[in-house]
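Sequence and predicted structure below; questions after.
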Amino acid sequence: MPLWAWLLVAVGAIVLALALGALLLNRGLPPERRRLASEMLRLPWRAKAGLFWALLSDRRVPLWLRAVLPLLALYLVMPFDIIPDFIPVIGYLDDALVIALAAGVLLRFVPADVIEERIAVARPEPGGGAGL
């Protein structure tokens with residue numbers, strides 16, 4: 001099988017795993033948390049990074065929850081995985097599932113008012129940065 005086919009299968013599997021993880025994590029969430037999750041998903045990548053950094057530094061978030069993001073980053077950069085990355089397709093599924101699990105834990109246990117406040121701060125201004 002050519003390399004491009006392996007890459008296509010791998011990307012499809014990662015997208016499928018992320019979608020399945022998001023579905024399973026959001027299924028048991030109350031409607032308020034689901035609304036917050038959809039607002040977080042609508043943020044651009046840069047705003048998401050700012051949101052997670054703000055949650056990491058917010059003292060209203062319990063310490064064990066603030067530890068989730070650095071542990072996630074550490075897991076993703078470690079050369080050792082549950083499923084080694086050199087295995088085609090499934091090598092990256094564990095990373096995707098760990099990301100989905102960390103996002104679900106944060107959504108489920110971080111106080112909703114803290115998430116709402118931080119989303120409002122992270123949300124880009126309409127028309128911001130357009131035109132110089």
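Nice, I can see it. Owing to the predicted nature of the structure, the values given are computational and were not obtained by experimental measurement.

Check which helix or strand the residue nearest the centre of the chain maps to.
By CA atoms, centre = their mean, the chain has its centre lying nearest to A103, at 4.8 Å. Using DSSP states H and E, the element containing A103 is helix 93-109.

That helix: what's the following helix or strand?
Immediately after helix 93-109, counting by DSSP H and E, sits helix 112-122.

from the middle of its chain, how far away would that next one be?
Its chain's C-alpha centre and that of helix 112-122 lie 16 Å apart, by CA atoms, centre = their mean, to the nearest Å.

Per-residue pLDDT of A130, please?
Per-residue pLDDT puts A130 at 46.

same question, P111
91.

just checking, it touches R59?
No. Applying CB atoms under 8 Å as the test, P111 and R59 come out as separate, 11.6 Å apart. For every residue, glycine as well, the C-beta is placed using N, CA and C.

Of those two, which one has the most company?
Per other CB atoms under 10 Å, whichever of P111 and R59 has more neighbours is P111, with 13 against 8.

Excluding chain neighbours, what is closest to that one?
Nearest non-adjacent residue to P111, counting by CB to CB, 6 or more residues apart in numbering: R60, 6.3 Å away.

The one you found: neighbouring residues, count only.
Neighbour tally, R60, other CB under 10 Å: 11.

Can you list phi and psi of it for me?
phi -80, psi -10 (degrees, to the nearest 10).
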